[in-house]
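*Asks:* Make a model of this:
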Amino acid sequence: MAPPRGRGVVLAALMVYVSALAFCGTHGSWAPNKNLKDRSESLMQRHAVKFMSKKKASYADINVEDFYTETISGAGGPPKGLERDLITKFFGDGDFHGRGDHEAAFQNFRECMEKGEPFVGNDDGSGWIWAVAGLTVENGLTLEIRKSTPLGMRALLVAKQDKVATMFDTLNWKVVRRRMNEVLGHRDADGENVPGYNALDAG
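*Replies:* The predicted model follows:
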């Protein structure tokens, strides 16, 4: 026998009420959805991190003597691969990819290091001179000379201002390549193409 129509309406209303309680996760009072609360807290944390990131960055001091000793642990000679192309691009007649007169560019780079000009930034008076690489959207990899400790930058090599020729005579290009980070380059420390990278042949 079918239940009276009024009883069916009451049962339906009761089921809706129970479902509402289950959705809210409480007994008779509304509570915020847990996922919504978690998302709000996460958003607040991201804003906090963003705000904290505006503080001036600090870097550990560079042990220049150790950096220099490692720099001059090689046999000198002209650079190969990426280092050669980068020098040609910024100290010679090279195009965007560093194709040009490599020998003349390297000679000019040595002379600029020996004269200490042109250089970027300030001269801290320490007597050290640096070759520093960078990476920009406009120019890709860059190379510049600096006379102050390049904190937070990619220093490739350093020399005593009055002994630049000595540094080049014993420069370890493999160390320079490691500092450059092979991920950024298309050739290894010996000037060979890195497997899996379709690089332009710079000649």
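
*Asks:* C-alpha only now, for contacts and for neighbours.
*Replies:* Will do.

*Asks:* surely Pro150 meets Gly134?
*Replies:* No - Pro150 is beyond contact range of Gly134, at 10.9 Å (criterion: CA atoms under 8 Å).

*Asks:* Follow the chain on from the least confident helix or strand in the chain by mean pLDDT and name the next helix or strand.
*Replies:* Least confident helix or strand, the chain: helix 34-52 with a mean of 47, by mean pLDDT, DSSP states H and E. Next helix or strand after helix 34-52 toward the C-terminus (DSSP states H and E): helix 64-71.

*Asks:* Is Met180 in contact with Leu156, as I believe?
*Replies:* Yes - if you go by CA under 8 Å, Met180 and Leu156 touch, sitting 6.5 Å apart.

*Asks:* what's the overlap in contacts for these two?
*Replies:* Residues touching both Met180 and Leu156 (CA atoms under 8 Å, 6 or more residues apart in numbering) are Ala133.

*Asks:* Kindly provide the distance from Ile72 to Pro78.
*Replies:* Ile72 is 14 Å from Pro78, where distance means CA to CA, to the nearest Å.

*Asks:* so where's the protein shaky on pLDDT?
*Replies:* 1-61, 181-203 (pLDDT under 70).

*Asks:* Which stretches in it count as helices?
*Replies:* Secondary structure of the chain, counting by DSSP state H: helices at 5-24, 34-52, 64-71, 81-91, 102-115, 164-169, 173-180.

*Asks:* can you give me the angle the fourth one makes with helix 173-180?
*Replies:* The one in question is helix 81-91. Helix 81-91 runs at 80 degrees relative to helix 173-180, counting by axes from the mean of the first three to the mean of the last three CA atoms, to 10 degrees.

*Asks:* If you count contacts, what does helix 81-91 end up packed against?
*Replies:* Applying 3 or more CA pairs under 8 Å, 6 or more residues apart in numbering; DSSP states H and E, we find helix 81-91 packed against helix 102-115, strand 140-147.

*Asks:* just checking, what packs against the last one?
*Replies:* Taking 3+ CA pairs under 8 Å, 6+ apart as the contact definition, the neighbouring helices and strands of strand 140-147 are helix 81-91, strand 120-123, strand 128-136.

*Asks:* likewise the first one?
*Replies:* Contacts defined by 3+ CA pairs under 8 Å, 6+ apart place helix 102-115 against helix 81-91, helix 164-169.
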